[in-house]
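1. sequence-free structure coming up:
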């Protein structure tokens, strides 16, 4: 017996619902596999098994391993940008004390960017930069670079409220702030691995010092109005 139009419609809705779920499951599984084994060691069979789908479904959704890798890199870049923008909005917009605002932002960046999954992904992207320069380069340009441009704009708004002195190059100031915050823990993690965790109180100290050094260069010479 042929299905009725109503049954066809139900099947279409169910298929449309299953496809996004399968795609999300594949991306989650692939991220885990790539982080654990690297690009060359990652197996599409293992991705399919972890996602609970057939290998044919993986290839139907993503064509090949390179495309799957590109989707993971692009998706995490978008998540990174969204998270950093939210951090700027939460800590800097509406701030009345530059030191407190910058300290809060520094600590939030330290917490989020030293998370194991972020560090592992960063290491994976760096490792594959020569193999996939466009894909891996986009992780920086669409994530960190755009986020630092956004931070420069947020710092400019602090200047406009009298909380910082005039910034000749807001984006450069944003890079300098990020460097003060992240250089030590990020480089240690890149070389020593994610098991080398910050000591108790270390992130708070780094956040305090980053805010103090940044304000030594860019702090306002007049009180906020």
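-> Received, thanks. All values reported here derive from a predicted model rather than from experimental measurement. Residues are numbered from 1 along each chain as shown.

2. for the record, mean pLDDT for stretch 20-28?
-> For stretch 20-28, mean pLDDT is 91.

3. report the buried residues of that stretch.
-> Using 16 or more other CB atoms under 10 Å as the burial criterion, the residues of stretch 20-28 that qualify are 22-23, 25-27. Quick note: C-beta positions are derived from backbone N, CA and C, even for glycine.

4. next one: stretch 106-126
-> Of the residues in stretch 106-126, 106-110, 113-114, 118-125 count as buried by neighbour count, 16+ other CB under 10 Å.

5. do stretch 61-69 as well
-> By neighbour count, and taking 16+ other CB under 10 Å as the criterion, the buried residues in stretch 61-69 are 61-62, 65, 68-69.

6. please apply the same query to stretch 176-189.
-> With burial defined by 16+ other CB under 10 Å, the residues of stretch 176-189 counted as buried are 176-178, 180-182, 184-186, 189.

7. repeat that for stretch 151-159.
-> Taking 16+ other CB under 10 Å as the neighbour-count basis, stretch 151-159 is seen to contain the buried residues 151-152, 154-159.

8. just the helices in the chain please.
-> Listed in chain order, the helices found in the chain under DSSP state H are 5-41, 44-51, 55-62, 65-91, 98-113, 116-127, 133-139, 146-160, 170-192, 202-218.

9. distance from the chain centre to the third one, please.
-> Average the C-alpha atoms of helix 55-62, do the same for its chain, and the two points are 26 Å apart (CA atoms, centre = their mean, to the nearest Å).

10. run through who's touching it.
-> Contacts to helix 55-62, defined as CB atoms under 8 Å, 6 or more residues apart in numbering, come from residues 22-23, 26, 44-45, 47-48, 51, 68, 71.

11. same thing with the fifth one?
-> Residues external to helix 98-113 that are found in contact with it (CB under 8 Å, 6+ apart): 83-84, 87-88, 90-92, 95, 118-119, 158, 163-164, 177-178, 180-182, 185-186, 198, 203-204, 206-208, 210-212, 214-215, 219-220.

12. mind putting the contacts of helix 55-62 in a markdown table, distance to residue 136 included?
-> Below are those laid out as a markdown table (distance: CB to CB, whole Å):
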| residue | distance to residue 136 |
| --- | --- |
| 22 | 26 |
| 23 | 22 |
| 26 | 21 |
| 44 | 20 |
| 45 | 24 |
| 47 | 20 |
| 48 | 24 |
| 51 | 23 |
| 68 | 14 |
| 71 | 13 |
